[in-house]
Structures are given as C-alpha cells and as structure tokens.
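Enquirer: I would like the atomic coordinates for the input below:
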Amino acid sequence: MSLQTSTPVAAGLPRAIAGGLGRYGLILALVAVFATFSIATPTFLTLANLQSVLVNNFTLLAIVSIAMTFAVSSGGIDLSVGTAVDFASFAFVALVLAGQPVALATAAGLGAGALVGAFNALLISGIGVSPFLATLGTLFIGRSIQQLLTNGGNPVYLPPTGVPASFRYLGHGTVAGFPVPLAVSIVIISAATIAFARTRFGRIVLSIGVQPSVVRYSAIASRTHVAVTFILVGLIAAIAGLILTATVTVYIPSSGNAFLLNAIGATFIGTTLSPLGRPNVAGTVLGVLLLSIIANGLLLTDLNFYWQQVGTGTVIFAVLTLSFATGKSSIAA
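Expert: Model (predicted):
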C-alpha cells in the first residue's frame, strides 16, 4: 500500500520541478546572466555601470515594451511602435526649430505618436485588417515619410542654444535622486500595472486577447477597446521619443525601430512569468532588464556587435524553449 500511495507523489515532484523551471526560467536566467557578467567583467558591478544599465539600456526600452505589452495583451502586435517614437521626435524638433514654444512642441510630439496609433486603430478596428499587417504597413509608410521629410534620412539637429532648459531636464535632470527618464519609466510601469490589475479597461483588454469571441458576445464594444489600446500604444511610445530627443538633442530618421525587436522579445519573454502564458507588466519589465544586462555585459566584454546579437538571441531562445518544453511536459503528463 505504501508503494501505491508514494508513486503519485514521486511522479508529481518532477512535474512540479519542471513547471517551476518553466515559470521562473526568466528569473533564473536573470540571476545567471547577472552572476556571469559579475565574474567575467570587473567593471560590471560598479555603481556607475549599474546606473548606466538602468538609464541608458533599460529606460527607453521599458517604455516601448510597456506599449508593446498593451498591444499583445489585446491579442495583436504593434510593429510600428518605432514609427510612433520617430514621429514624436520629428514633430518636437520641427516645431522647436520653427520657433514654437516647448509646451506646444511637446504636445505635438505626443499627438504625433497618438496619430500613429489612431491610424493603426482605423485599420484594425475600423476596416478589420489584422494587427500584424496593419502595423507592418504603418511601419513601411512611416519609414518612407521620414525619408521624404529629411531628404533621404539626414539627421535633424537642435542647436545647442535652441533647446529649452525645461526640455533638457527631461533627458538629463533628476527628481528625488532618480534620473528623470528612469522616473518617467517607473511611473509608466506603475500606471500600466494598475490599469491591468484594477481597471475595467485593462481587464477587458486582457479578455479580448484571451477570448475575443466571448467578449464580443457579451455586448462589450471590443473594437472600441482595441482602438483605444492602439492609440494608447502610440502615445506611450511617443513619450519614449520625447525622452530620446531630450537626451541626444537630435532627430535621426527610423531610429525608433531599434527598439522594436527588443520590445517584442521582452514582452514575449515576460509571458513565461505567467502560469497561463499571458502578457504581464512584471514579466515585461524583467524581460527588459534581462536584455539590458545582456547588452551592457556583452559590450563590456568587447565582443563584436554581431556576436552581441547572437548572445541576446540565444538567451531569448533558451528562456522561451525552457518554458515551452516544461509546460508541454507538464500538460502531457
């Protein structure tokens, strides 16, 4: 009898371990990568470098990735988040160079990002184009518009005396000891967490991503919520564009697309933290932190840029594979 009762427990233990590895693989990878670079590069653990990871690697990617999390949570994806970043940057620089007040230029930048989101919303909710194709088209159109506006992609610089101090503060100032860009990203992360956990809008967006047909038959205006979601995505990405411009005081066409793949990677890596494999803010933030540490650590090792990309891709692949394999084994069992 003792053998019969102990067998299910013994069989359940490996499944529990496998499930834990799958769900917490992201945290384990984060710890492993942090420990590896701490040993491999003596400068990694210095205060200056850790601050650099948060300010230079984490901040902007976190904001864009939160925007991507909203899009993926609604059951779609937004390949044009970089376009929203770029349009916000261009709108601000163009108005400042035209002598307009910084407040108006800032509002125009936010409006330009929201306009990108509104165009996506029209295609997706109004016409019925799939989010992938709609935002891919917006990406191509946005890239072409930027080329036309800048004579083939030439950077547009703000003159040293033409950037208001109030706007420079957005990129280089501090608040309560925190760099302003990092403080802004923390506010956005907190707001997104509250939106998904505490608001009706957030819960509906998550429901649309999981069971769109149920939401549709529940007399909930799912198309309206999806439209608002993509406008919100463009608006959040625009904030990253303004911070980027305040930091480097230049608009570089299509520079926002540099965030696209990492934002997608961070968002989908973050789904491994959820027992149901859903997008979540905490997972996305940890995914961004993982990618930021990898980028910084590989740079400190003086590894060739292309090998850095290989290293980043390998870690993403490992985390997702571990989660999928352990999840499959648990379900199959």
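Enquirer: Need the residue closest to the centroid of this protein.
Expert: Nearest residue to the geometric centre of the chain (CA atoms, centre = their mean): residue 65, 0.7 Å.
Enquirer: Now do the helix or strand where it lies: distance to the chain's middle.
Expert: In this assignment (DSSP states H and E), residue 65 forms part of helix 59-73. Mean-position distance between helix 59-73 and its chain equals 3 Å (CA atoms, centre = their mean, to the nearest Å).
Enquirer: Please name every helix or strand in contact with the next helix-or-strand element following it.
Expert: Next helix or strand after helix 59-73 toward the C-terminus (DSSP H and E): helix 81-97. Applying 3 or more CB pairs under 8 Å, 6 or more residues apart in numbering; DSSP states H and E, we find helix 81-97 packed against helix 59-73, helix 102-121, helix 131-149, strand 156-157, helix 222-248, strand 250-251, helix 260-270. C-betas here are computed from N, CA, C, even on glycine.
Enquirer: how about the ones you listed in JSON lines, adding distance to residue 304 and mean pLDDT?
Expert: Output for the helices and strands packed on helix 81-97, formatted as JSON lines (distance: least, CB to CB, whole Å; pLDDT from 0 to 100):
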{"stretch": "helix 59-73", "distance to residue 304": "22", "mean pLDDT": "97"}
{"stretch": "helix 102-121", "distance to residue 304": "34", "mean pLDDT": "97"}
{"stretch": "helix 131-149", "distance to residue 304": "27", "mean pLDDT": "96"}
{"stretch": "strand 156-157", "distance to residue 304": "30", "mean pLDDT": "92"}
{"stretch": "helix 222-248", "distance to residue 304": "24", "mean pLDDT": "95"}
{"stretch": "strand 250-251", "distance to residue 304": "26", "mean pLDDT": "93"}
{"stretch": "helix 260-270", "distance to residue 304": "18", "mean pLDDT": "94"}
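Enquirer: Figure out which of these is closest to residue 207.
Expert: helix 222-248 (8.6 Å; CB to CB).
Enquirer: distance of the spatially closest residue to residue 271 that is not a sequence neighbour from residue 137?
Expert: Spatial nearest neighbour of residue 271, excluding adjacent residues (CB to CB, 6 or more residues apart in numbering): residue 277 at 5.0 Å. Distance, residue 277 to residue 137, by CB to CB, to the nearest Å: 28 Å.
Enquirer: pretty sure residue 275 is in a helix, no?
Expert: No - read with DSSP: H, G, I helix; E, B strand; the rest coil, residue 275 is coil and lies in no helix.
Enquirer: For it, give me the pLDDT.
Expert: For residue 275, the model assigns a pLDDT of 83.
Enquirer: How many neighbouring residues does it have?
Expert: Counted by other CB atoms under 10 Å, the residues lying close to residue 275 total 10.
Enquirer: For it, grab phi and psi.
Expert: phi -60, psi -20 (degrees, to the nearest 10).
Enquirer: what sits against the residue nearest to the centre of the chain?
Expert: Residues near residue 65 by CB atoms under 8 Å, 6 or more residues apart in numbering: 259, 262-263, 266-267, 284-285, 287-288.
Enquirer: In three-state terms, label the residue nearest to residue 49 when sequence neighbours are not counted for me.
Expert: Among residues not flanking residue 49 along the chain, residue 43 sits closest, at 5.6 Å (CB to CB, 6+ apart). Secondary structure for residue 43, judged by three-state DSSP, is coil.
Enquirer: Would you enumerate the residues in contact with residue 33?
Expert: So, once contact is read as CB under 8 Å, 6+ apart, residue 33 ends up touching 290, 293-294, 297, 315.
Enquirer: Helix or strand: which one has it?
Expert: Per DSSP H and E: helix 25-40 holds residue 33.
Enquirer: per-residue confidence averaged over that helix?
Expert: Mean predicted lDDT for helix 25-40 stands at 92.
Enquirer: could you point out which element follows it?
Expert: Proceeding N to C from helix 25-40, the next assigned helix or strand is helix 47-52, under DSSP H and E.
Enquirer: So what touches that next one?
Expert: So helix 47-52 is contacted by 43, 179, 296, 300 (CB under 8 Å, 6+ apart).
Enquirer: Among those, name the buried ones.
Expert: Buried by 16 or more other CB atoms under 10 Å: 179, 296, 300, out of the contacts of helix 47-52.
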